[in-house]
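attaching a predicted model along with its sequence, questions to come.
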Amino acid sequence: MRSALAVFFTLLFIPCLATAQIQLPPVASPIKKIPIAVAVLKAKGDLSVYGKNFTDVLKNDLTNAALFDVRQVNILFSSSFEDIDFEYLDAQKTRYLVSGNFDVSPREVSYDLIVYDVPSRQERMRRRYVASPRHIRNVVHKFAGELMRELTGLDGFFDSEIVFVRRDGHGSDLFIMDYDGHNAKRLTNHGSSVLSPDCSPDGSQVVFTSDRSWDHDVYLLNFKATRLPAEGKRITRGIHLDNSPSWSPDGSRVAFSRNGDIYIASSSGEILKRLTKSPAIDISPTWSPDSRKIAFVSDRAGAPNIYVISSEGGRAVRITSEGYNTDPVWSPSPLVNRIAFVKVKKSEADIYSVGPDGRGQQRLTSSGRNEHPSWSPDGHYITFSSKRLGKRQIYIMYLNGENKLPLSRGKNDSFSTWCVK
């Protein structure tokens with residue numbers, strides 16, 4: 001069985017009111033979206049482009065969140081209560097209105113924003129932001145996160161970043177982009193087979209595998225404190241096949257696969273524990289939110305399936321069946337407590353999720369070839385790679401499979417991992 005390790009590895013990676021909030025639906029239930037209108041902001045002076053940029057980014061953020069029915073309001077409202085036509089909004093069945101003013105000085109833009117609860121005619125929240133023109137997108141993402149937290153209780157993901165693998169004719173390397181696909185830049189200069197990035201819990205480092213040094217090794221890159229692009233630090237050595245690293249939730253340990261068994265190492269690469277010792281091939285570990293368990297892929301029953309084991313070792317429990325099951329990733333939210341994974345059947349590859357006890361399996365995608373899921377920092381959203389529109393790109397969806405939207409703009413992007421800013 002060990003002689004098939006290289007083949008298995010290759011196949012694995014090819015295939016002001018009270019702050020009442022909405023009740024989020026169960027995993028398999030459809031979303032009842034919140035009707036919200038985003039008005040064109042009123043400018044003090046003839047500089048409406050700053051208002052349009054703000055509202056365009058905000059509408060995109062709220063649409064990507066899947067929880068909002070974003071309405072276009074072609075009426076110019078200011079933040080003044082007297083200027084708002086609530087009867088018009090009632091007729092549109094709008095629950096909330098985002099309105100406000102902005103002003104531009106030579107070096108900065110200031111925004112005064114109010115969110116109204118339309119049925120009650122009262123303010124729900126008020127915010128003021130001041131930023132340079134080139135940081136307007138950051139201001140919008142911050143406001144969108146605060147708005148989402150106020151209305152839903154979720155922290156949102158708008159100010160997060162996504163690290164991913166981009167492949168071209170010279171090999172593959174890591175890139176990083178804002179969650180919405182903007183501001184993409186190169187992180188590494190390997191030009192080789194770079195795979196399986198995983199961002200540290202604090203968002204400052206990423207572990208990944210590369211065959212830059214002939215065999216596959218685990219590398220660590222502190223991209224917040226390094227001139228980019230960079231090689232990163234090689235933290236595993238020796239003639240081994242090391243792959244699929246995964247950070248523990250506290251950022252102190254990294255689980256990975258070495259020669260077909262699961263190991264746990266310190267962030268510097270010191271081996272702390274060999275978790276599995278099996279004639280089968282064990283790969284792709286992922287930690288539970290409390291660090292007590294690890295899910296991984298094993299072919300010990302024949303075809304690859306997902307297993308769960310204590311992070312201290314012991315007996316592994318199989319939680320999937322049928323097909324070729326791979327790429328597990330555990331939601332960081334204890335409330336969600338789901339494992340997303342890829343199930344391959346014939347020529348189809350789709351994202352599924354399942355409880356850690358194997359119950360409640362749900363299919364999340366059904367079009368194109370869909371692989372490499374990754375959870376958002378709040379554990380309610382999933383990115384994945386798909387060729388549904390011809391090019392392999394990074395997509396986002398809600399945890400129940402709704403609201404699938406493309407994020408990246410490359411021709412061959414895959415292996416995404418979310419990073420907090």
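Okay, I see it.

how about the helices of the chain, start to end?
All helices of the chain, identified by DSSP state H, fall at 5-13, 48-64, 86-91, 136-152.

what angle separates the second one from helix 136-152?
In this structure, helix 48-64 runs at an angle of 40 degrees to helix 136-152, with axes from the mean of the first three to the mean of the last three C-alpha atoms, to 10 degrees as the basis.

partners of Asp112 in the sheet?
Counting by DSSP bridges, Asp112 is bridged to Asn101, Arg128.

residues contacting it?
79, 100-102, 126-128 (C-beta atoms under 8 Å, 6 or more residues apart in numbering). For the C-beta atoms, the positions are set from N, CA and C on the backbone; glycine is no exception.

highest neighbour count among those residues?
Neighbour counts for these, by other C-beta atoms under 10 Å, peak at Gly100, which reaches 24 neighbours.

tell me the contacts of Val57?
By C-beta under 8 Å, 6+ apart, the contact set of Val57 is 136-137, 140-141, 180.

next, count neighbours for the closest residue in space to Ser278 that isn't next to it in sequence.
Excluding the flanking residues, the one nearest Ser278 by C-beta to C-beta, 6 or more residues apart in numbering is Arg300, at 5.8 Å. Each residue near Arg300 was counted by other C-beta under 10 Å, and the total is 16.

help me confirm that Arg300 comes into contact with Ala280.
Yes - judged on C-beta atoms under 8 Å, Arg300 makes contact with Ala280 at a distance of 3.5 Å.

where does the chain have low pLDDT?
Within the chain, the segments meeting pLDDT under 70 span 1-29, 44-48, 74-80.

the same query, at a cut-off of 80, please.
Across the chain, residues meeting the criterion (pLDDT under 80) sit at 1-30, 42-50, 72-83, 169-170, 213-214.

show me it divided up by domain.
2-15+157-419, 34-152 (automatic domain parsing).

just name the most buried of those domains.
Looking across the domains of the chain with neighbours counted as mean count of other C-beta atoms under 10 Å, the highest average goes to domain 2-15+157-419: a mean of 19.

residue farthest from the centroid of the protein?
Distance from the C-alpha centroid of the chain, by C-alpha atoms, centre = their mean, peaks at Glu82 (40.8 Å).

related to what we said a few turns ago, what two of the contacts of Asp112 are the furthest from one another?
Of all pairs drawn from the contacts of Asp112, the greatest distance, 14.3 Å, lies between Phe102 and Arg126 (C-beta to C-beta).

how about the strands in the stretch 201-350 of the chain?
Applying DSSP state E, counting those that start in this stretch to the stretch 201-350 of the chain gives strands spanning 205-210, 217-222, 233-234, 242-247, 253-258, 261-266, 271-274, 282-287, 293-298, 305-310, 317-318, 324-330, 339-345, 348-354.

got the phi and psi for the residue positioned nearest the centre of the chain?
Taking C-alpha atoms, centre = their mean, the centroid of the chain lies closest to Ser376, which sits 3.5 Å from it. As for Ser376, its main-chain torsions (degrees, to the nearest 10) stand at phi -70, psi 160.

that one is in contact with Ser160, isn't it?
Yes - the criterion here is C-beta under 8 Å, and Ser376 meets it with Ser160 at 6.9 Å.

find the residues that touch each one of these two.
Residues touching both Ser376 and Ser160 (C-beta under 8 Å, 6+ apart): Trp418.

so Ser110 touches Val130, yeah?
Yes - counting by C-beta under 8 Å, Ser110 does reach Val130; the two are 4.6 Å apart.

ok so, going back, tell me who's in contact with the residue nearest to the centre of the chain.
157, 160, 382-383, 418.

10 Å instead, please
154-157, 160, 162, 179, 331-333, 382-383, 396, 398-399, 418, 420 (C-beta atoms under 10 Å, 6 or more residues apart in numbering).

could you measure Leu41 against Val73, distance?
Computed as C-beta to C-beta, to the nearest Å, the Leu41 to Val73 distance reads 11 Å.

check the contacts of Val57 and tell me the two furthest apart.
Using C-beta to C-beta, the pair of those lying farthest apart is Ile136 and Asp180, separated by 13.4 Å.

give me the common contacts of Leu41 and Val73.
Taking C-beta under 10 Å, 6+ apart as the contact rule, Leu41 and Val73 both touch 55, 98-99.

and the residues you listed as a markdown table, adding distance to Lys345?
What follows is the shared contacts of Leu41 and Val73, written out as a markdown table (distance: C-beta to C-beta, whole Å):
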| residue | distance to Lys345 |
| --- | --- |
| Thr55 | 43 |
| Val98 | 44 |
| Ser99 | 49 |
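
closest to Pro201 out of those?
When these are compared for distance to Pro201 (C-beta to C-beta), Val98 wins out at 31.7 Å.

the closest residue in space to the closest one that isn't next to it in sequence pairs with what?
Nearest residue to Val98, sequence neighbours excluded (C-beta to C-beta, 6+ apart): Val38, at 4.8 Å. For Val38, the beta-bridge partners are Gln72, Val98 (DSSP bridges).

same thing with Asp173?
Going by DSSP bridges, Asp173 forms beta bridges with Arg166.

contacts only, for it.
Counting by C-beta under 10 Å, 6+ apart, Asp173 touches 165-167, 186-192, 194, 208, 210, 229.

which two from these end up farthest apart in space?
Arg167 and Pro229 (15.2 Å).

separation between Ser402 and Ala66?
One thing to correct before we go on: residue 402 is Glu, not Ser. From Glu402 to Ala66 the distance is 6 Å (C-beta to C-beta).

between those two, which contacts overlap?
Joint contacts of Glu402 and Ala66 (C-beta under 10 Å, 6+ apart) are 31, 33.

on that earlier part again, closest to Ile319 out of the helices of the chain?
Short answer: helix 5-13, nearest of those by C-beta to C-beta, at 17.7 Å.

Serialize the helices of the chain to a markdown table and add fields for distance to Ile264.
Shown next, in a markdown table, are these (distance: least, C-beta to C-beta, whole Å):
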| stretch | distance to Ile264 |
| --- | --- |
| helix 5-13 | 20 |
| helix 48-64 | 35 |
| helix 86-91 | 55 |
| helix 136-152 | 33 |
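
wait, which of these is closest to Ile239?
Ile239 sits nearest to helix 5-13 of all these, at 13.1 Å, using C-beta to C-beta.

identify the residues contacting Arg137.
53-54, 57, 61, 131, 158-159, 178, 180, 182-183.

show me the contacts for the residue nearest to Arg369 when sequence neighbours are not counted.
Nearest non-adjacent residue to Arg369, counting by C-beta to C-beta, 6+ apart: Ala349, 4.7 Å away. Contact analysis of Ala349 by C-beta under 10 Å, 6+ apart lists 14-15, 323-324, 326-327, 342-343, 365, 368-372, 386-387.
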